[in-house]
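*Asks:* Sequence first, then the predicted structure:
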Amino acid sequence: MAEPITVRPSVSVKKPFLTEKRRSNITAYTFIAPFFIIFSIFGLYPIVFTIYLSFFKWDALGPMKYVGLKNYDLIISDPTFWISFSNTLIMGVMGTIPQLIVALFVAIMLNSALTKFKKTFRILYFMPNITSIVAVTLVFSTMFGNNGMINWILNGLGLENVAFNSGWWGVKIAISTMVMWRWTGYNAIIFLSGLQSIPIDLYEAAKIDGANRKQQLMYITLPLLKPFIIFVTLLSTIGALQLFTEPYVFLGQSGTGSTREEGVTMVTYLYSEAFRNGFFGTAAATAVMLLLITIVFSVLNMIISNRLGGDSKGGKA
Amino acid sequence: MKRVKHWTALILIIMLVASLAACGGNGNNNTKNNAAAPEKTESTETKNTDEATEPAEKVELSFWSLGTTNYEDLAKKYTEENPNITIKFQNTSDQTAHHNNLTTALSADSGAPDIFMLEIGFMERFINAQDKFQNLNDFGAKDIAGNYLDWKWKQASSVDGSFQLGLPTDIGPTVAYYRVDLAEQAGLPVDPEGFGAQIDTWDKFATVAKDFTAKTGKPFADLTDLVYNALRDQSADQIYFNKEDGSFIGDTNPQVKKAYDFTVQGIQEGWIGNTLLWSPEWGQAMNDGGFGVILGPAWMAGNIKSNAPDSTGKWKIAQLPEGAGNWGGSFLTIPKEGKHPQEAYDFISWLDSQESQLESFKASGLMPSIPALYEDAAFTGFQDEFFGGQATAVEYGKAAERVKPVYYGPLHDQTDTFFKDALKNVLEKKADPTEEWDAAVKKAKTLAERS
């Protein structure tokens, strides 16, 4: 304001290229560049190439041949693909929902003042997650073998053997159990950090108002834990859609990645297309389908959780 | 505070120096590569002069090997004889990953080793990628072809024989491993000759099996897969796919149907066990004498030894009924990417020589692919304590000469699984064998249509 306007033209020497603003912009972009560079090489490029590849027939060694939408046509008309889709959903539900409920209770127990050796339990619950999945699956394979421990117990209880290696439900039960065993502790730890972020005053106030434990759980713990539940559910949904190692090792113990109908998942189907059959085009088309399905489920997840979030917002204060 | 600053300065300096050094290293490599590239065409010429005048340049060959071999030891021996050559091994026992890594490296034109050990089950994937591999005939492989089993050699040749992808290493002729103690219990002859004679046709095999199970209460064969494989591999020329045009013929090949029906018969008569191939339960049953025979290739001996350490002296080897099949075995190949193909070929032809193959048999049980060895006293005289002092090499040699070579086709493995799954359903879910067969054929046809 104080500056006289007339001065301006006389100062109008060429503006330096690196103005203050530009310089700070360059600094900022330089700092965030590594992420974008790495992401475009290892994230974006493979995605784009996969989409491109899904229109070609390719065995990874010879020349690529353009086939248009034929790959999509092939997998959509393949019953095994749809079986893998429904298997993924069924095992996703079987492995995720009970697991989240158990994880929540484990977290509440770990958070309770009554529990001793909390740190030890926390480590114990988390251990399954860092154990090699292949090793875990091999151990579970012996347990779920035709003459394995589980069948032995079932026989002891006077029940008949369950064909965990070939039965429609048997395979799914065995695989879901492995998924549950591995992720329950991990999710419990996330829930626990959520529980610890809830201020104690709320519980104290509730106690003064005469709320019992169940009411505290229903009206304080669960509503305030909602963001964590949403986060964990989203992660588990995406994880469940990508289920691979457990069925891969459990069903194909010679490392061939069996596509047995009872336990084939979308990713084992994809893997088998690419690395067993050498059909990289249909494998890429499967990957694109999987991407679309994952997006649909994530969006659904978000819509549902937003609805739930809206209901409880009133109680936030 | 001051201290902290010093430390950060020091770390920065170290990082700087390290990054500069790295740059320098890269620069050198680049110039070397650039210099090497134009020379390629006249490499043989320069090599000759090199050998004559100055000491040969140091060469390190990378070698991706598969499974239990004694090649590391042999390579050390080779380096002693040829001090300028060292071999760097990268070993895995995961076949699928091993071959997938090569597929990735070849399609990216970067990262392939100088020498690659290729398993026969994956041969079809690579045999037509002739622009990615050296033709070993260019190095004189044709001259030594006669040393090896003819069918084995041809597995790695192009149809017209002009392109040779690999040198044969070991083979996997199938035999019958049987438990002596259980055979005795069932009143069967325990010596390999006698036992083999009792089961020399599949019909007799079934009769013996039924009788065995009745007397011992245990299944005769361990599992469906290996019984099926034993018959399947006795097909003539081809199994699931036509040698000429690659079309699916699994439903019309009588031997495939025979293998399927025979396995179904075994399931229904109750003399095939219900364990899973490679599962811990299977190994346990092997150790405890849970079944009578394993129909498997020569390399299965290694698996039996490691799974059943308590059963030393209780096993022997006899011939399979009606011939033998071949399961597995590898080849040594030279991907084109390697910078030292001549050195690599010199090494693999040494590694594949009669002397080296004998060493590999003694050390790791790799069955030689050189028939001259089958009469060699050093080979036939080898007695295995685990098999009660039996001269196992003799049985393997006999089986190797009964093998009829077959064409697999690129989708063999996946197609095979459909039939194995069908048998498993018959065994475990009491499914109808005919319906399962039809379903397997249908799946195989759908798959074949995609190629």
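*Replies:* Received the coordinates, thanks.

*Asks:* any low-confidence regions in the chain?
*Replies:* With no chain named, the answer covers chain A. For chain A, the stretches with pLDDT under 70 are A:1-14, A:253-258, A:309-317.

*Asks:* oops, I was thinking of chain B
*Replies:* The model of chain B has pLDDT under 70 over residues B:1-56.

*Asks:* Grab the most central residue of it for me.
*Replies:* Centre of chain B computed as the mean C-alpha position; nearest residue by Cα atoms, centre = their mean is B:G329, 3.1 Å away.

*Asks:* Spatially nearest residue to that residue (excluding sequence neighbours)?
*Replies:* Spatially, and ignoring its direct neighbours in sequence, B:G329 is nearest to B:I171 (4.2 Å; Cβ to Cβ, 6 or more residues apart in numbering or on different chains). (C-beta placed from N, C-alpha, C; glycine too.)

*Asks:* thinking that neighbour is in contact with B:L373, fair?
*Replies:* No: between B:I171 and B:L373 there is no contact under Cβ atoms under 8 Å: 11.4 Å.

*Asks:* re the thing from before, so the residue nearest to B:G329, which state does it fall into?
*Replies:* Under the three-state scheme (DSSP: H, G, I helix; E, B strand; the rest coil), B:I171 adopts strand.

*Asks:* Show the contacting residues for it.
*Replies:* B:149, B:152, B:298, B:326, B:328-329, B:367-369, B:400, B:403 (Cβ atoms under 8 Å, 6 or more residues apart in numbering or on different chains).

*Asks:* What helix or strand is A:G68 located in?
*Replies:* Assigned by DSSP states H and E, A:G68 belongs to no helix or strand.

*Asks:* Dihedrals phi and psi, the closest residue to it other than its chain neighbours?
*Replies:* In space, and not counting its chain neighbours, A:G68 is closest to A:F55: 6.1 Å by Cβ to Cβ, 6+ apart. Phi and psi for A:F55, reported as degrees, to the nearest 10, are phi -100, psi 10.

*Asks:* I am assuming A:F55 contacts A:K65, so please confirm or correct that.
*Replies:* No: the pair A:F55 / A:K65 is not scored as a contact, 10.0 Å apart, by Cβ under 8 Å.

*Asks:* Neighbour count for the two, which is higher?
*Replies:* More neighbours surround A:F55 than the other of A:F55 and A:K65, with 19 against 11 (other Cβ atoms under 10 Å in any protein chain shown).

*Asks:* where's the more buried one relative to chain B, distance?
*Replies:* A:F55 is 15 Å from chain B, where distance means Cβ to the nearest Cβ, to the nearest Å.

*Asks:* contacting residues around that residue?
*Replies:* A:66-69, A:71, A:281.

*Asks:* Check B:F89 too.
*Replies:* Contacts of B:F89 (Cβ under 8 Å, 6+ apart): B:63, B:65, B:71-72, B:75.

*Asks:* residue boundaries of the helices in the stretch 101-250 of chain A?
*Replies:* For the stretch 101-250 of chain A, the helices defined by DSSP state H, counting those that start in this stretch occupy A:118-130, A:133-143, A:149-156, A:168-196, A:200-208, A:213-216, A:222-241, A:245-251.

*Asks:* Show me which residues of chain B are close to chain A?
*Replies:* Residues of chain B lying near chain A by Cβ under 8 Å from any Cβ of the partner chain: B:94-97, B:100, B:103-104, B:106-107, B:125-126, B:128-129, B:132, B:274-281, B:410-411, B:413-414, B:417, B:421, B:424-425, B:428-429, B:443, B:446-447, B:450-451.

*Asks:* make it 7 Å
*Replies:* B:94-96, B:100, B:103, B:106-107, B:125, B:129, B:132, B:274-281, B:410-411, B:413-414, B:417, B:421, B:424-425, B:428-429, B:446-447, B:450 (Cβ under 7 Å from any Cβ of the partner chain).

*Asks:* Phi, psi for B:V293 please.
*Replies:* phi -130, psi 150.

*Asks:* Find the nearest non-adjacent residue to it, please.
*Replies:* Using Cβ to Cβ, 6+ apart, the closest residue to B:V293 is B:Y178 (4.6 Å).

*Asks:* out of the contacts of B:F89, which are buried?
*Replies:* Among the contacts of B:F89, the ones that count as buried by 16 or more other Cβ atoms under 10 Å in any protein chain shown are B:63, B:65, B:71, B:75.

*Asks:* Burial check on A:L154, number of neighbours?
*Replies:* 14.

*Asks:* show me the contacts for it.
*Replies:* A:161-162 (Cβ atoms under 7 Å, 6 or more residues apart in numbering or on different chains).

*Asks:* Pull the strand or helix carrying B:K210 out as CSV, backbone CA atoms only.
*Replies:* B:K210 belongs to helix B:202-216 when assigned by DSSP H and E. Output of helix B:202-216 as CSV, limited to C-alpha atoms (Å, rounded to 0.1, in the frame of the first residue of the first chain):
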residue,chain,number,x,y,z
TRP,B,202,-0.8,-105.1,-14.0
ASP,B,203,-3.4,-107.8,-13.6
LYS,B,204,-1.0,-109.8,-11.5
PHE,B,205,-0.1,-106.6,-9.6
ALA,B,206,-3.8,-106.1,-8.7
THR,B,207,-4.1,-109.7,-7.6
VAL,B,208,-1.0,-109.5,-5.4
ALA,B,209,-2.2,-106.2,-4.0
LYS,B,210,-5.6,-107.5,-3.0
ASP,B,211,-4.0,-110.5,-1.4
PHE,B,212,-1.5,-108.3,0.4
THR,B,213,-4.1,-106.0,1.9
ALA,B,214,-6.2,-109.0,3.0
LYS,B,215,-3.2,-110.5,4.8
THR,B,216,-1.6,-107.4,6.3
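
*Asks:* which residues touch whichever helix or strand comes after it?
*Replies:* Downstream of helix B:202-216, the first helix or strand assigned by DSSP H and E is helix B:224-232. Residues from elsewhere that reach helix B:224-232 (Cβ under 7 Å, 6+ apart): B:174, B:202, B:221, B:239, B:255-256, B:258-260, B:262-263, B:266-267, B:272, B:277, B:294-296, B:320, B:325, B:327, B:420, B:423-424, B:427.

*Asks:* in which helix or strand would I find the residue of the stretch 301-450 of chain B found nearest chain A?
*Replies:* The nearest approach of the stretch 301-450 of chain B to chain A comes at B:E428, 4.4 Å away (Cβ to the nearest Cβ). Per DSSP H and E: B:E428 is located in helix B:412-429.
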